[in-house]
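>>> Sequence below, structure please.
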Amino acid sequence: MNPLGLMRRIVQVTVPGLFLSLTACGGNMEAPKIEINHEAKEQYEVLLHIEGVAGPFDLVEAQVNYSIENEDCVPPAPFSGARDIPRKVLPLSLQKVAVDTYKGIVAIDAIKDANYFGQGICRWKLIAVSVDLRRRNTTFHAAVFHDDLMSERGSVSYFPGEAYRRNEITRLVSGAMDIKELETPNDAFSLRIGTKEIRK
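Numbers count the residues shown, from 1 in each chain. Model (predicted):
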């Protein structure tokens, strides 16, 4: 899937909780209770570094997006045969370690693999860590996706400086992967999301 298209989907699910709607004949199937894995062992440190911005942010927050990897464990809907795949969003606690730097710990296996639908074990996969920087009415959004997180490549997103200064407008600004995509690349700030596996 196109990373930008997936980012748009992630923007739509940034309210913590479970987004699930399964339809049965003439009514709704009861959504299973998704369980947290309290024995999560696979962890990564996520380091956020903001560079080149003209001032502070009112709020810096992040969340972790998970989805079921093996879709055949989810029963198909009657008639259409479509599968409504559960997703889970967990807040990521951030610690400010410098003026423009934050860090948090992500558990890759935070969601418990289990037989939620009676059709075999559902395996959960981390899709992305998404970050929102808020300045008054403007929110700047970025994400690091599974492969870049696991490989420790991380990601860098670029934002127009004008959007930070004109923050009286209520809007969501998604970061560009390449600074050349901006109309004024010389007037930009960046958010680098670095990752590092925590080896025990």
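
>>> contacts, neighbours, all on C-alpha from now
Noted.

>>> Name the next helix or strand downstream of the lengthiest strand in the chain, please.
Using DSSP state E to define each element, the chain has its longest strand at strand 124-135. Past strand 124-135, further along toward the C-terminus, the next helix or strand under DSSP states H and E is strand 138-145.

>>> And the one helix or strand E162 maps to, what's buried?
Assigned by DSSP H and E, E162 belongs to helix 161-165. Buried residues in helix 161-165, defined by neighbour count with 16 or more other Cα atoms under 10 Å: G161, A163, Y164.

>>> who does it touch, helix- and strand-wise?
In terms of contacts (3 or more Cα pairs under 8 Å, 6 or more residues apart in numbering; DSSP states H and E), helix 161-165 is packed against strand 188-197.

>>> Direction included, what does the strand it packs on pair up with?
Sheet partners assigned to strand 188-197 using DSSP bridges are listed as strand 43-51 (antiparallel), strand 155-160 (antiparallel).

>>> Quick check: which of the ones you listed is buried the most?
Mean neighbours per residue, mean count of other Cα atoms under 10 Å, is largest over these for strand 155-160, with a mean of 22.

>>> Run a quick neighbour tally on the spatially closest residue to L92 that is not a sequence neighbour.
Sequence neighbours aside, Q63 is the residue nearest to L92 in space, at 4.8 Å (criterion: Cα to Cα, 6 or more residues apart in numbering). Counted with other Cα atoms under 10 Å, residues neighbouring Q63 total 23.

>>> Quick one: the buried residues of helix 161-165 as TSV, columns for pLDDT and distance to A54 too.
Output for the buried residues of helix 161-165, formatted as TSV (pLDDT from 0 to 100; distance: Cα to Cα, whole Å):
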residue	pLDDT	distance to A54
G161	95	8
A163	94	11
Y164	94	8
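
>>> which among these gets closest to Q43?
Y164 (32.8 Å; Cα to Cα).

>>> Next, count neighbours for the residue lying closest to that closest one once chain neighbours are set aside.
Excluding its sequence neighbours, the residue lying closest to Y164 (Cα to Cα, 6+ apart) is R135, at 7.0 Å. Per other Cα under 10 Å, the neighbour tally for R135 reads 21.

>>> sec struct for K88, please.
Three-state call for K88 (DSSP: H, G, I helix; E, B strand; the rest coil): strand.

>>> secondary structure class for P185?
What three-state DSSP gives for P185 is coil.
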